[in-house]
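*Asks:* I need the structure of the sequence given here:
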Amino acid sequence: MPTPDRTTLDAIVAAARDLLEEDGLAGVTMQGVAVRVGVRAPSLYKRVENRDRLIQLVAEETLLELTARLDAAADARTLLDTYRAFGKERPAAFRLVMTPGAGTPVADTAVQAAASTAILRISAGLAGETDALEAARLLTAWATGFISMELNGAFRLGGDIDRAWDYGIAHLVDAITR
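*Replies:* Sure thing, here's the model as predicted:
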């Protein structure tokens, strides 16, 4: 008689996402996830082949969540503020999808492409269809770098970080629309 299912893939990924925020990427272990969902670690392998696949699923769920938030943005300011808020709310997940280390599993390319829809739409409105990709890359690179530095406490010269964020957005948008 087969053993009954005691957990779901959704529950496993949710537990891994929680562990990621609490303990970082190193803290996302099959044993840790198993404890969270109330099963023995070998039971997880019925749903997830290995830890790398689990990390990939976490990256994909993170991008899906971020995509849903960004899709609601009507302008560059709202989009970038939403992006920054996500980074501050879910810093480990933000790092996983935006600045993964070498060898870290990443989301499927289709999920990554879907996550770019909002920034491409906004960038096309700013720069035109011809330059939308370049404008999207500029905005994404600047915002990701800014947020990463902010999360890592790298702004050590004083000053108002929010003012610097506002300054950056205003000047980038102005430059792109010229």
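
*Asks:* give me the contact list for the worst-scoring helix or strand of the chain on mean pLDDT.
*Replies:* When the helices and strands of the chain are scored by mean pLDDT, DSSP states H and E, helix 41-44 comes last with a mean of 88. Residues from elsewhere that reach helix 41-44 (CB atoms under 8 Å, 6 or more residues apart in numbering): 3, 6, 7, 12, 30, 31, 33, 34, 37, 54. (C-beta placed from N, C-alpha, C; glycine too.)

*Asks:* need the buried ones from the residues you listed selected in ChimeraX.
*Replies:* This is how ChimeraX selects the buried members of the contacts of helix 41-44, with burial counted by 16 or more other CB atoms under 10 Å:
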select :7,12,30,33,34,37,54
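
*Asks:* looking at the contacts of helix 41-44, which is nearest residue 47?
*Replies:* Checking these against residue 47 with CB to CB, the nearest one is residue 12 at 5.6 Å.

*Asks:* how near is that closest one to residue 101?
*Replies:* 23 Å (CB to CB, to the nearest Å).

*Asks:* in the least confident helix or strand of the chain, what counts as buried?
*Replies:* The neighbour-count check on helix 41-44 (16+ other CB under 10 Å) flags 43, 44 as buried.

*Asks:* please begin residue numbering at 313 from this point
*Replies:* Shifting the count to begin at 313 puts that one at helix 353-356.
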